[in-house]
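1. 3D model of this:
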Amino acid sequence: MSYAHQPVMLREVLEILAPKPARRYLDATVGGGGHAGEILRLSSPDGTLLGLDCDDQAIAAAGRALDRFGERVTLRRSGFDRAREVLDEVGWPGVDGLLLDLGLSSHQLDTPERGFGFQSDARLDMRMDRRRPVDAHELVNSLPVVELERIIRDFGEEPRARRIASAIDARRREEAIDSTRQLAETVARAMGGSLRRARKAGRPATHPATRTFQAVRIAVNRELESLETFLESAYELLCAKGRLVIISFHSLEDRLVKRAFRRWGLDCVCPPRVPACVCGWARKATAITKRPRVPSEEEVRVNPRARSARLRAVERV
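-> A predicted model of the protein is given here:
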């Protein structure tokens, strides 16, 4: 199966990064190379790009898609939370532009054996990095019901987490929940089998298991922990006037990005009651986007999976 992924908010990313020759760029979630290819094209003839991805299939696909750029592109199989280590390995002190696209690729969603979705039946997996020892099958079948409820509630923002966790526990006591379809059916029955109402007119209703699948995927891949690690000091990856663009796809991610960017823009992080500044903090970056940008109606029409994207960007001082 070919690696298919349509880059989300490509126009907005290129507008903010404004790729130029002789500059260095980091695509920390390179996927199939859609964003990276355009960054390299616009930074010709000598702009360079480092692409990271923890998914071996993504790295292979990016290698094929970007092969035409020759030595201008370097690819590494790595999570974005290890970006500093990889930059040191390749001898780059910093980059002029950095992109982090936190969404799942269409390839991951549409490849049944990856076990991310419930449109087809497959073994529960959901690992972006298939070197991880714990997959969704082990998590769903072995976690204590209290912990399962917490994951579904906190990572899926699911108000009926207790009911769903209890239903999963009852089923796995009878037999292991091996497949995506079994998990989806279990959740649907726990919620009465009906589809959720669409949040806005014109949007299709979502499957009742959508939030639970999101929660399990986040837990398996430790997505929020990785993002928090990255955001602790991501500004240090940027050269002066370097720009960072992050595209998130749910409120948990966007909240972390918003909080980090806000902190980077402060001149002091001392508690309010401290009479004089003792923190030693200095402003790290300036916001480019005061509010998150969202995909155009045309992009959502062509690529419905882009509809929940939120883009935020900063520039290093």
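
2. chain center to stretch 253-272, what's the gap?
-> Remark: stretch 253-272 is offset 20 Å from the chain centroid, using C-alpha atoms, centre = their mean, to the nearest Å.

3. So what touches that stretch?
-> Here stretch 253-272 makes contact (C-beta atoms under 8 Å, 6 or more residues apart in numbering) with 102, 223-224, 227-228, 231, 234-235, 246, 248, 277-279, 281-287, 292, 310, 312, 314. Every residue, glycine included, has its C-beta placed from N, CA and C.

4. From those residues, which land in strands?
-> Of the positions in the contacts of stretch 253-272, I246, S248, A285, T286, A287, R310, R312, V314 sit in strands, assigned by DSSP state E.

5. list the contacts for the last one?
-> It stands for V314. By C-beta under 8 Å, 6+ apart, V314 lies in contact with Y235, R243, L244, F261, W264, G265, A285, T286, A287, I288.

6. how close does it get to L238?
-> Plainly put, V314 is 9 Å away from L238 if you go by C-beta to C-beta, to the nearest Å.

7. overlap in contacts of the two?
-> In contact with both V314 and L238: L244, A285, using C-beta under 8 Å, 6+ apart.

8. rewinding a little: I'd like to know which of the contacts of V314 are buried.
-> Burial by neighbour count, 16 or more other C-beta atoms under 10 Å: within the contacts of V314 this picks out Y235, R243, L244, F261, W264, A285, I288.

9. now, among those residues, which is nearest to M128?
-> The nearest member of those to M128, counting by C-beta to C-beta, is L244 at 21.1 Å.

10. Run a quick neighbour tally on the residue nearest to that closest one when sequence neighbours are not counted.
-> The spatially closest residue to L244, leaving aside those adjacent along the chain, is L98, at 4.6 Å (C-beta to C-beta, 6 or more residues apart in numbering). Neighbours of L98 under the rule other C-beta atoms under 10 Å: 27.

11. does L98 count as helix, strand or coil?
-> The three-state assignment at L98 reads strand, by DSSP: H, G, I helix; E, B strand; the rest coil.

12. which ones are touching it?
-> Going by C-beta under 8 Å, 6+ apart, L98 touches Y25, L26, A28, A234, L237, L238, G242, R243, L244, V245.

13. Out of these, which comes closest to D178?
-> A28 (33.4 Å).

14. and that closest one, how many neighbours?
-> By other C-beta under 10 Å, the residues close to A28 number 26.

15. Settle this for me: it is touching V86, isn't it.
-> No: at 9.1 Å, A28 does not count as touching V86 under the criterion of C-beta atoms under 8 Å.

16. joint contacts of those two?
-> Common neighbours of A28 and V86 (C-beta under 8 Å, 6+ apart) are L52.

17. okay, now the closest residue to R217 other than its chain neighbours: neighbour count?
-> Leaving aside its sequence neighbours, R217 sits nearest to M126 (C-beta to C-beta, 6+ apart; 4.6 Å). By other C-beta under 10 Å, the residues close to M126 number 24.
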